[in-house]
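# predicted model and sequence below, questions to follow.
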Amino acid sequence: MTLEDLLSENTAADITEADGAETPTYNSTAETRAAQCSIGWNPWHGCTKISPGCLNCYVYRRDETFGISDRSRTCRKTSAFSLPRKRRRDGSLRVAPGSTVMTCFTSDFLLPDADEWRGECWDMMRERRDCRFVFFTKRIDRLDRCLPSDWEDGYENVTIGCTVENRQMAEYRLPIFLSQPLRHRIIVAEPLLESLDISRYLGGVDEVIVGGESGDGARCCDYAWVLDLRRQCIEHGTAFSYHQTGARLIKNGRIYNIPRAHQLSQAKRARIDWSAR
């Protein structure tokens, strides 16, 4: 049996174990919708590695492919900095109303090197309340010192994702994450490097996004870990999205090497995304 067959085969036993008595509704969750109707906004580029999940960072890998590896390690403001304000020749906004703006995905929005620029980005998010801004961070412990003065309990149009790749980072970052004044929270378990029990942190979290690690030298992600996180989400009524398999997936004790071009599609073929009715 191929991996494609394994991932598309949702046996009754698998569903019963994950869902309990009730079969879930397989809807597109927030992350999937964002992938379909989003625009990327990278106001700055470059980052520094701070935890195990950074080891095989895709930004470093991509820059190396283009022969600009030095840019990954130095944070620079980009020409797209003012993108939410920019207009076309006909006067229309380049970022259309209703867009989901995936923010700072070639860096970290809370990177210390960007402290002098971040305030203007908050201003643009506030101005563009007709759009939804989403950013993920491994530096959630810096959030309280990086928020704008009028933040209060959060901007309605801003969703923040906290990345947790292993148990150590989950135990450190998630209590901080839940203590912050946010309207919308996402837990990002990608790259998922070991099994996680995050059930006690799911209250007040909109969604959990899970994925394996891509690239040469990728560490294995076990499909059993993915299903267990899904079970935790269903038990707490939290949306779940299986983003990508990663390059090396363990299923039923066997390791599958999955080409980058198929990692997203194979994850969706598993049909395990879930959202509460």
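Arrived safely, thanks for sending.
# mind showing which ranges of the chain have poor pLDDT?
Across the chain, the ranges flagged by pLDDT under 70 are 1-37, 69.
# which parts of it are strands?
For the chain, the strands defined by DSSP state E cover 38-41, 44-45, 76-77, 100-103, 132-137, 158-163, 184-189, 207-211, 221-222, 239-244, 248-251, 254-257.
# what are the pairing partners of the fourth one, and which direction each?
The reference is to strand 100-103. Strand pairing for strand 100-103, using DSSP bridges, gives strand 38-41 (parallel), strand 132-137 (parallel).
# and the strands of the chain as CSV, adding distance to Ser199 and mean neighbour count?
Glycine gets a C-beta too; all of them are placed from N, C-alpha and C. Conversion of the strands of the chain to CSV gives the following (distance: least, Cβ to Cβ, whole Å; neighbours: other Cβ atoms under 10 Å):
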stretch, distance to Ser199, mean neighbour count
strand 38-41, 29, 18
strand 44-45, 35, 21
strand 76-77, 40, 12
strand 100-103, 27, 22
strand 132-137, 21, 22
strand 158-163, 16, 24
strand 184-189, 11, 24
strand 207-211, 11, 26
strand 221-222, 18, 22
strand 239-244, 13, 25
strand 248-251, 22, 20
strand 254-257, 28, 12
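# which one, of those strands, ends up nearest to Ser51?
strand 158-163 (8.5 Å; Cβ to Cβ).
# within its sheet, name the partner strands of the closest one and how each one runs.
strand 132-137 (parallel), strand 184-189 (parallel).
# re earlier: so which of the strands of the chain gets nearest Phe109?
Short answer: strand 132-137, nearest of the strands of the chain by Cβ to Cβ, at 4.3 Å.
# report the angle between the closest one and strand 207-211.
Relative orientation of strand 132-137 and strand 207-211, computed by axes from the mean of the first three to the mean of the last three Cα atoms, to 10 degrees: 50 degrees.
# ok, residues contacting strand 132-137?
Applying Cβ atoms under 8 Å, 6 or more residues apart in numbering, the contact partners of strand 132-137 are 34, 38, 41, 99-105, 108-110, 125, 143, 155, 157-163, 186, 188.
# sorry, back to before: now the strands paired with strand 100-103 as CSV including distance to Val59?
Formatted as CSV, the strands paired with strand 100-103 follow (distance: least, Cβ to Cβ, whole Å):
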stretch, distance to Val59
strand 38-41, 12
strand 132-137, 12
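# relative to Ser265, which of the ones you listed is closest?
Short answer: strand 38-41, nearest of those by Cβ to Cβ, at 17.9 Å.
# most remote residue from the middle of the protein, which is it?
Distance from the centre of the chain peaks at Asp90, with 34.0 Å (Cα atoms, centre = their mean).
# phi and psi next, for that residue.
Taking degrees, to the nearest 10, you get phi -80, psi 0 for the backbone angles of Asp90.
# picking that back up, Ser149: which of the strands of the chain is closest?
Comparing the strands of the chain by Cβ to Cβ, strand 158-163 comes nearest, at 15.0 Å.
# what's in contact with that closest one?
Here strand 158-163 has contacts from 30, 53, 125, 132-138, 140, 143, 169, 173-174, 177, 180, 182-190, 206, 209, using Cβ under 8 Å, 6+ apart.
# that one: how far from the chain's middle?
8 Å (Cα atoms, centre = their mean, to the nearest Å).
# then stretch 186-193?
7 Å.
# picking that back up, reformat the strands of the chain as TSV; add distance to Ile272.
Formatted as TSV, the entries for these read as follows, by distance: least, Cβ to Cβ, whole Å:
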stretch	distance to Ile272
strand 38-41	22
strand 44-45	33
strand 76-77	39
strand 100-103	22
strand 132-137	21
strand 158-163	19
strand 184-189	14
strand 207-211	9
strand 221-222	14
strand 239-244	5
strand 248-251	12
strand 254-257	16
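# of all those strands, which one is nearest Ala114?
Of these, nearest to Ala114 by Cβ to Cβ is strand 44-45, at 5.2 Å.
# give the contact list for Arg167.
Counting by Cβ under 8 Å, 6+ apart, Arg167 makes contact with Glu194, Leu196, Asp197.
# 6 Å instead?
Residues near Arg167 by Cβ atoms under 6 Å, 6 or more residues apart in numbering: none.
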